[in-house]
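**Student:** Model the structure of this input:
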Amino acid sequence: MIEAEILLTTADGTMSAFTTQPDEGGPFPAVFFYMDAPGKREELHDMARRIATTGYHVVLPNLYYRTAPDFVLDFESNSNRDEMFELMYGLSNRMVIDDTAALFAHIDAHPAVASDGPVGCLGYCMSGPFALSVAAAYPDRIKAAASLYGVRLAVDADDSPHRRFGDIAGEVYIACAETDSYAPPEMVAEVEAAIVSSGVNGRVEWYPGTHHGFAFPTRGAVFDKDASETHWSRLHGLFDRNLRT
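**Tutor:** Down below sits the predicted model:
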């Protein structure tokens, strides 16, 4: 694998990002991997590698670059949990849409990335709505978008992701944990209704017996190996169907 830590220029400053791709073959389709609230860390790097090994150039940006680029949640003590929530709520769909312009500039200039090809994106928890918002903002490029136990997918705001499903030209996959206070059933029901009414090519899948964070191996009892492997199968299928040209 070929990996790099790069710096990207955005409208608000300099954003770091981790990139990974196979060391042979190419050019590769690109996938944008938006980090969850605990920050850009090795756990996410490993997940990016798992996607990249199947033939993708994956870009994982540090969305906290504006205020706390070195932040990573201390999972053992949770001593900086309040800071994490402050950082999380300091981001918006609009900010991430704007930051994504820098990701496109990177892949469009990269010799190992398929020129002007379809792009995929995904986000867990905090970044579930970001992935869907990016898909709506860049319909000509984003052809596959996944939200994994995403929060705030249907809220009372003009930029709520569920209000923009009709702007998405690619396929959408939304995975939900059965028990999730951050993404309650009534919110998911609203998302499902919006998918139907918008006509977007998408679906919601419930994962029985799971809790928020089930895909992350470091989450102790919350981690569900079988469900995690199923979500990986869904992601690989989503990207392979829509990004292979």
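**Student:** what's the spacing between stretch 181-195 and its chain's center?
**Tutor:** Using Cα atoms, centre = their mean, to the nearest Å, the mean C-alpha position of stretch 181-195 is found 18 Å from that of the whole chain.
**Student:** make that stretch 16-36, sorry
**Tutor:** Averaging C-alpha positions (Cα atoms, centre = their mean) puts stretch 16-36 13 Å from its chain's average.
**Student:** so how far is Ala221 from the nearest residue to Phe28 once chain neighbours are set aside?
**Tutor:** Sequence neighbours aside, His57 is the residue nearest to Phe28 in space, at 4.4 Å (criterion: Cβ to Cβ, 6 or more residues apart in numbering). C-beta coordinates here come from the backbone N, C-alpha and C atoms, glycine included. Distance, His57 to Ala221, by Cβ to Cβ, to the nearest Å: 35 Å.
**Student:** Also Arg164?
**Tutor:** 36 Å.
**Student:** Does Asp158 belong to a helix, a strand or coil?
**Tutor:** coil (DSSP: H, G, I helix; E, B strand; the rest coil).
**Student:** And it, its phi and psi?
**Tutor:** When read as degrees, to the nearest 10, the backbone of Asp158 gives phi -60, psi -30.
**Student:** Quick check, pLDDT for it.
**Tutor:** Looking at Asp158, its pLDDT reads 88.
**Student:** out of His57 and Ala221, which sits in the more crowded spot?
**Tutor:** Neighbours per residue (other Cβ atoms under 10 Å) separate His57 from Ala221, with His57 holding more: 24 against 6.
**Student:** what separates Pro220 from Phe71, distance-wise?
**Tutor:** Just so we're on the same page, residue 220 is Gly rather than Pro. Gly220 is 21 Å from Phe71, where distance means Cβ to Cβ.
**Student:** the longest strand in the chain is where?
**Tutor:** Using DSSP state E to assign secondary structure, the strand with the most residues in the chain is strand 201-211.
**Student:** Name the single longest helix found in this protein.
**Tutor:** For the chain, the helix with the greatest residue count under DSSP state H is helix 225-243.
**Student:** so what secondary structure elements neighbour that one?
**Tutor:** When contacts are defined as 3 or more Cβ pairs under 8 Å, 6 or more residues apart in numbering; DSSP states H and E, helix 225-243 packs onto helix 42-52, strand 119-124, strand 142-148, strand 171-179, strand 201-211.
**Student:** Dump these into CSV; add mean pLDDT and mean neighbour count as well.
**Tutor:** Shown next, in CSV, are the helices and strands packed on helix 225-243 (pLDDT from 0 to 100; neighbours: other Cβ atoms under 10 Å):
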stretch, mean pLDDT, mean neighbour count
helix 42-52, 96, 17
strand 119-124, 97, 28
strand 142-148, 97, 27
strand 171-179, 96, 22
strand 201-211, 95, 16
